[in-house]
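Participant: Give the three-dimensional model of this entry:
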Amino acid sequence: MEIENQQYKKMTETKIPELIISLAIPTIISMLITSVYNMADTFFVSRLGASASGAIGIVFSLMAIIQAVGFTLGMGSGSTISRLLGEQKKEEAQTIASSGFLASIVFGGLLLVFGLYYLEKLMSLLGSTATILPYACEYGRYILLAAPIMAASFVLNNLLRAEGKAGLAMFGITAGGILNIILDPVFIFGMKLGISGAAIATALSQCVSFGILLSHYVRKKTILRLHIGNASKEPETYLMIIKNGLPSFCRQGLASVSTVALNINAAVYGDAAVAAMSIVGKIFMMIFSMVIGFGQGYQPVVGYNYGAKKYDRVKEAFFFTLKVGIGIMVSLGLLGFLLAKTVMGWFIANDPEVIAIGVRAFRAQCIVMPLMPLGVVCNMTFQSIGKAWTATFLSSTRQGIFFLPFIIALPKILGMTGVEITQPAADLCNFFCCLPFAILFLKNLYRQEEDEEDRNRKEAEVKEEKQSR
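Facilitator: Alright, predicted model coming up:
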């Protein structure tokens, strides 16, 4: 009970900048490590040729699907858990946590079974060309075998962050990521397993991460306890988790769909175009992970304090996270624009066509990067305070409502340039879509803050009147 009270006090009384930074740093490190080991696969596999490098981009869509399942259940559980802990309802929070974890194993198992059965059709559907298909199948097979573990790891990671234990979450993700980077060259070149070696390294590393994350619960280092007996038997519980996780599903699921659409349209211009867009995607995700990581440090702060009705802290957290996010993206966007050619050369130095396409796409993305933090902060805010449908709509815009029409239309008008600028164009539109939602949220927050102050004042007056009697 003492640990729970200390955690509640920390989340609702610690100065906002200090609290968010303390939670964000472990999360940013986790995100960066994840991006680095994804890039490590790209870096080492690119030595096997453009077709093998293109396969990484194809299977990245599959991994995005697995992530979509994990983040839907993890964020759906986590956003609810933060609010429940803010309201000091521990038992209800434990039921949600156990239910989300159980669901991740089940859904991950379904992906494994159906994915392996339809492997070649799945890889073709994800945008694989005839020359890329054998590599994609080799890589995808091992990723699918690890799907239940990967989905469950994403849930555990989000559950730990939801109760403010970002440091414990970081340790599990970081250990697996570092192991992946070490094993990649050993399996690919040392054991001569080729692209299968990269997949095996990723699968094994995910299993290690899962074991470490689960051990925190087994060793009772957390507020919540995971147990099959705590999982809900009511379908409504799982529907609520899925509903609250819909923004994450749209964000991750549409990321997979948009990557497939990008691969299909890039494939028209050859394997070099697929490889270039795949590399740019990995580089950009590493940069974007800085803002996402900071936003994920912000999420439990919003959930706890909104649940505790400390609206002044919610408002302060919103503005602080937005300012830091813009600062990060302005700095990294400028650096990326200037060093685009050098960075592309790190991944595939001997293919001028891949580098040329990649440089143009990367620079276009850098131009709109300062606008992107608003979308991240809005999406995470609405998800954390239980506004699931608003968050779902906003998460659908960037890589769905705007991206998909653009990827169909722009290449027809502008050719390869249309492929290169589709994501930046969608990000620009997403900014203008989020702006009115942010303004309305802040207006409502000011009103809620005033209402809460009035209520507290009236309660104090009634108490004072009773004492005077």
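Participant: Show me what the helix or strand harbouring residue 365 packs onto, helices and strands only.
Facilitator: Assessed by DSSP states H and E, residue 365 sits inside helix 352-368. Secondary-structure packing of helix 352-368 (3 or more CB pairs under 8 Å, 6 or more residues apart in numbering; DSSP states H and E): helix 271-307, helix 311-338, helix 340-347, helix 416-468. All C-beta spots, glycine's among them, are computed from the backbone N, C-alpha and C.
Participant: Which of those has the highest mean neighbour count?
Facilitator: Compared across the helices and strands packed on helix 352-368, helix 271-307 shows the largest average neighbour count, a mean of 25 (mean count of other CB atoms under 10 Å).
Participant: what's the angle from that helix to helix 340-347?
Facilitator: Calculated by axes from the mean of the first three to the mean of the last three CA atoms, to 10 degrees, helix 271-307 forms an angle of 100 degrees with helix 340-347.
Participant: now the angle between helix 311-338 and helix 271-307, please.
Facilitator: For helix 271-307 against helix 311-338, the angle by the same axes, to 10 degrees is 160 degrees.
Participant: mean confidence score for helix 271-307?
Facilitator: Regarding helix 271-307, the rounded mean pLDDT is 82.
Participant: Then stretch 393-410?
Facilitator: What stretch 393-410 shows for mean pLDDT is 86.
Participant: possible to save the helices and strands packed on helix 352-368 as a markdown table with distance to residue 233?
Facilitator: Shown next, in a markdown table, are these (distance: least, CB to CB, whole Å):
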| stretch | distance to residue 233 |
| --- | --- |
| helix 271-307 | 25 |
| helix 311-338 | 34 |
| helix 340-347 | 49 |
| helix 416-468 | 35 |
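Participant: among those helices, which is nearest residue 47?
Facilitator: Proximity to residue 47 (CB to CB) singles out helix 340-347 among the helices and strands packed on helix 352-368, at 9.8 Å.
Participant: gap between that closest one and the chain center?
Facilitator: Distance of helix 340-347 from its chain centroid, counting by CA atoms, centre = their mean, to the nearest Å, is 25 Å.
Participant: what about it, average pLDDT?
Facilitator: Mean pLDDT, helix 340-347: 83.
Participant: again, but for stretch 102-117
Facilitator: Stretch 102-117 comes out at a mean pLDDT of 91.
Participant: residues in contact with residue 271?
Facilitator: 50, 51, 54, 129, 131, 132 (CB atoms under 8 Å, 6 or more residues apart in numbering).
Participant: Just give me the neighbour total for the third one.
Facilitator: This points to residue 54. Residue 54 has 33 neighbours, counted by other CB atoms under 10 Å.
Participant: and the gap between the residue lying closest to it once chain neighbours are set aside and residue 424?
Facilitator: In space, not counting the residues next to it along the chain, residue 54 is nearest to residue 274; the distance is 4.1 Å by CB to CB, 6 or more residues apart in numbering. Distance from residue 274 to residue 424, counting by CB to CB, to the nearest Å: 19 Å.
Participant: for residue 379, same thing?
Facilitator: Distance, residue 379 to residue 424, by CB to CB: 18 Å.
Participant: Same check on residue 113?
Facilitator: 38 Å.
Participant: average model confidence for the helix holding residue 365?
Facilitator: Rounded mean pLDDT across helix 352-368 is 88.
Participant: What of stretch 203-214?
Facilitator: 89.
Participant: One more: stretch 230-247?
Facilitator: When pLDDT is averaged over stretch 230-247, the result is 82.
Participant: buried stuff in it?
Facilitator: 230-232, 237-238, 240-247 (16 or more other CB atoms under 10 Å).
Participant: now stretch 399-416
Facilitator: Under 16+ other CB under 10 Å, the buried positions of stretch 399-416 are 399, 400, 401, 402, 403, 404, 406, 407, 410, 411, 416.
Participant: Please save the CA atoms from that stretch in PDB.
Facilitator: Backbone C-alpha positions of stretch 399-416 (Å, rounded to 0.1, in the frame of the first residue of the first chain) are rendered in PDB as follows:
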ATOM      1  CA  GLN A 399      -1.500   7.600 -42.700                       C
ATOM      2  CA  GLY A 400      -5.100   6.900 -43.700                       C
ATOM      3  CA  ILE A 401      -7.500   9.700 -44.500                       C
ATOM      4  CA  PHE A 402      -4.800  11.800 -46.100                       C
ATOM      5  CA  PHE A 403      -2.000   9.400 -47.000                       C
ATOM      6  CA  LEU A 404      -4.000   6.800 -48.900                       C
ATOM      7  CA  PRO A 405      -5.600   9.200 -51.400                       C
ATOM      8  CA  PHE A 406      -2.300  11.000 -51.900                       C
ATOM      9  CA  ILE A 407      -0.400   7.700 -52.600                       C
ATOM     10  CA  ILE A 408      -3.000   6.900 -55.300                       C
ATOM     11  CA  ALA A 409      -3.100  10.300 -56.900                       C
ATOM     12  CA  LEU A 410       0.300  11.900 -56.600                       C
ATOM     13  CA  PRO A 411       2.400   9.200 -58.300                       C
ATOM     14  CA  LYS A 412       0.000   9.400 -61.300                       C
ATOM     15  CA  ILE A 413       0.600  13.100 -61.500                       C
ATOM     16  CA  LEU A 414       4.200  13.500 -60.500                       C
ATOM     17  CA  GLY A 415       5.700  10.000 -61.000                       C
ATOM     18  CA  MET A 416       8.400   9.000 -58.600                       C
END
